[in-house]
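1. got a predicted structure plus its sequence, pasted below:
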Amino acid sequence: MRVLLSTYGSRGDVEPMAGLAVALRERGAQVRVCAPSDEEFARRLAGVGVPVVAVGPSARVLTKGSPPPSATNLPQRAAAVIAAQLDAVAAAAEGCDAMVATGMIPAAAGALSVAEKLGIPAVSVTFQQLTVPSPHHRPMAYPGHPLPPEVTDHRVLWDMDARSIDALFGEALNTNRASIGLPPVDGVRDYVLGKRPWVATDPVLDPLLERPELDVVQTGAWSLPDDRPLPDDLTAFLEAGEPPVYVGFGSMPLHSSPDAARVVVEAVRARGRRVLLSRGWAELALVDGADDCFAVGEANHQVLFSRVAAVVHHGGAGTTTTAARAGAPQVVVPQLADQPYWAGRVADLGIGAAHDGPTPTLTSLSAALETALTPQARTRAAAVAGTMRADGTAVAAKLLLDEISGDSPPVPA
């Protein structure tokens with residue numbers, strides 16, 4: 001059995017695919033992953049023995065580049081991403097029995113078009129449920145296509161969402177589809193979702209909302225057990241005092257917070273805590289030579305988060321889930337997309353605080369940390385961690401292979 005996993009986006013789009021790849025391989029499947037051409041992604045996948053095919057430009061360069069995404073430049077960027085998918089994914093998919101596609105909408109649409117052209121069964125997966133229409137929540141807005149605040153009917157808003165996505169990506173997708181002899185699609189969003197989309201999130205952290213018009217499968221979150229040791233210098237810092245507060249914003253460049261490192265260091269120090277900065281795509285750096293602050297690059301979050309007082313982060317699905325599983329209180333400083341949702345879930349569960357807006361100040365971050373660093377938040381975070389599932393990749397791998405073989409049992413509750 002040969003399976004192709006296709007994604008395009010940040011670390012949060014690539015890491016879950018590594019977990020699924022390993023789970024599929026353990027069940028006898030041959031797996032390869034199509035992912036952005038960033039060296040860090042290739043290194044991570046190679047580290048677990050998963051063949052990777054580089055697709056398109058570096059996601060880091062695309063994310064950090066200027067100008068920022070807008071209604072003007074998104075269609076052009078989408079066309080380039082889709083064309084790259086048709087080229088690289090088509091070659092990688094030859095001889096495959098199934099495909100799993102995720103990532104930004106135009107990338108997923110391109111990969112699914114390849115599967116359609118080759119006649120390969122394909123599954124569409126998302127790592128948050130906000131892009132799947134539901135009468136119970138609003139869609140996310142796209143650059144240049146704001147949702148009118150006066151409209152409260154969620155069904156109307158989802159119709160507007162479909163039109164926005166078509167305006168941004170429809171021409172790019174259909175032009176590229178025509179180039180490989182495929183007919184145009186009428187609605188990009190519905191094409192990407194299909195009739196049975198998968199949501200790879202934990203049901204405790206992210207209870208699935210009702211969607212009467214779709215057969216949505218929640219597999220549980222996908223993660224790869226990580227036994228990599230922490231770097232010696234990081235271990236020495238952790239052992240030199242009380243647990244620090246970790247601060248990292250992953251793949252977010254923090255354009256709105258050019259002085260973020262100074263602000264977060266001062267806010268953590270104001271609470272009497274040591275600081276552990278993760279450089280990330282924001283390139284956070286030490287602000288002075290004091291020994292209460294340490295900066296780290298790549299590190300095993302599964303191990304690290306169990307050794308810190310709290311995790312301050314951007315609210316990506318993967319980071320939120322990893323911190324929650326580790327029982328670490330969180331402060332989420334959401335930047336965009338689904339991140340405000342994860343911030344709200346952290347606050348609602350009582351396992352930390354949701355920062356108001358993307359730009360932290362000394363006062364606002366210090367106040368959020370005051371909430372997250374209470375004994376009550378620590379106790380609640382440990383309790384929630386004990387209820388979260390760790391079998392998401394196993395569930396997804398078995399479900400995929402069963403569907404390919406024609407034997408599709410119910411998804412475990």
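-> Thanks, I have it.
2. so Pro360 sits against Ala261, correct?
-> No - shown here, Pro360 and Ala261 do not form a contact pair, counting by CB atoms under 8 Å, at 10.8 Å. All C-beta atoms are positioned from the backbone trio N, CA, C, and that covers glycine.
3. ok, these two, which is more surrounded?
-> Neighbours were counted for Pro360 and for Ala261 using other CB atoms under 10 Å; Pro360 has more, 25 against 22.
4. so what sits against both of Pro360 and Ala261?
-> With contacts defined as CB atoms under 8 Å, 6 or more residues apart in numbering, no residue is shared by Pro360 and Ala261.
5. what about the strands in the stretch 201-350 of the chain?
-> When assigned using DSSP state E, counting those that start in this stretch, the strands of the stretch 201-350 of the chain occupy the ranges 217-218, 245-247, 275-278, 293-296, 310-313, 330-332.
6. which one of the ones you listed lies nearest to Pro36?
-> Nearest to Pro36 among the strands of the stretch 201-350 of the chain is strand 275-278 (20.1 Å), distances taken as CB to CB.
7. what separates the closest one from the chain centre, distance-wise?
-> The offset between the C-alpha centroid of strand 275-278 and the centroid of the whole chain comes to 21 Å, using CA atoms, centre = their mean, to the nearest Å.
8. cool, stretch 392-400 as well?
-> Taking CA atoms, centre = their mean, the mean C-alpha location of stretch 392-400 is offset from the chain mean by 18 Å.
9. let me see the mean pLDDT of that stretch.
-> The average of the pLDDT scores along stretch 392-400 is 97.
10. top strand in this protein by residue count?
-> With residue count as the measure and DSSP state E as the assignment, the chain has strand 30-36 as its longest strand.
11. so what secondary structure elements neighbour the helix or strand following that strand?
-> The C-terminal neighbour of strand 30-36 among helices and strands, as given by DSSP states H and E, is helix 39-47. Under the contact definition 3 or more CB pairs under 8 Å, 6 or more residues apart in numbering; DSSP states H and E, helix 39-47 sits against helix 11-26, strand 30-36, strand 52-55.
12. buried set for helix 39-47?
-> Along helix 39-47, the positions that meet the burial threshold by neighbour count (16 or more other CB atoms under 10 Å) are Glu40, Phe41, Ala42, Arg44, Leu45.
13. just flag the most distant two among those residues.
-> Greatest spatial distance among the buried residues of helix 39-47 (CB to CB): Glu40 and Leu45, at 9.9 Å.
14. with mean pLDDT added, can I get the strands of the stretch 201-350 of the chain in TSV?
-> Supplementary listing: those in TSV, determined by pLDDT from 0 to 100:
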stretch	mean pLDDT
strand 217-218	96
strand 245-247	98
strand 275-278	96
strand 293-296	96
strand 310-313	97
strand 330-332	98
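15. and the strands in the stretch 51-200 of the chain, which stretches?
-> Read by DSSP E, counting those that start in this stretch, the stretch 51-200 of the chain holds these strands, from start to end of the chain: 52-55, 98-101, 122-126, 198-199.
16. show me what the first one is packed up against.
-> For strand 52-55, the elements it packs on are strand 30-36, helix 39-47, helix 74-93, judged by 3+ CB pairs under 8 Å, 6+ apart.
17. in the last one, which residues are buried?
-> If you call a residue buried by 16+ other CB under 10 Å, then helix 74-93 has these buried ones: 74, 77-79, 81-86, 88-90, 92-93.
18. hmm, who's touching that helix?
-> With CB under 8 Å, 6+ apart as the criterion, helix 74-93 contacts 4, 6, 8, 32, 34, 53-57, 62, 69, 99, 104, 106-107, 109-111, 113-115, 117-118, 120, 142-144, 168-169, 171-173, 175-176, 179-180.
19. over to the shortest one?
-> Where contact means CB under 8 Å, 6+ apart, the residues beyond strand 30-36 that reach it are 1-9, 14, 17-18, 21, 24-25, 41-42, 45, 50-60, 85, 88-89, 92, 111.
20. how about a cut-off of 7 Å?
-> The contact list for strand 30-36 (CB atoms under 7 Å, 6 or more residues apart in numbering) reads 1-8, 14, 17, 21, 24-25, 41, 45, 50-53, 55-56, 58-59, 88-89, 92.
21. returning to what we had before: how about the helices and strands packed on strand 52-55, which one is nearest Thr393?
-> Checking those against Thr393 by CB to CB gives strand 30-36 as the closest, at 11.8 Å.
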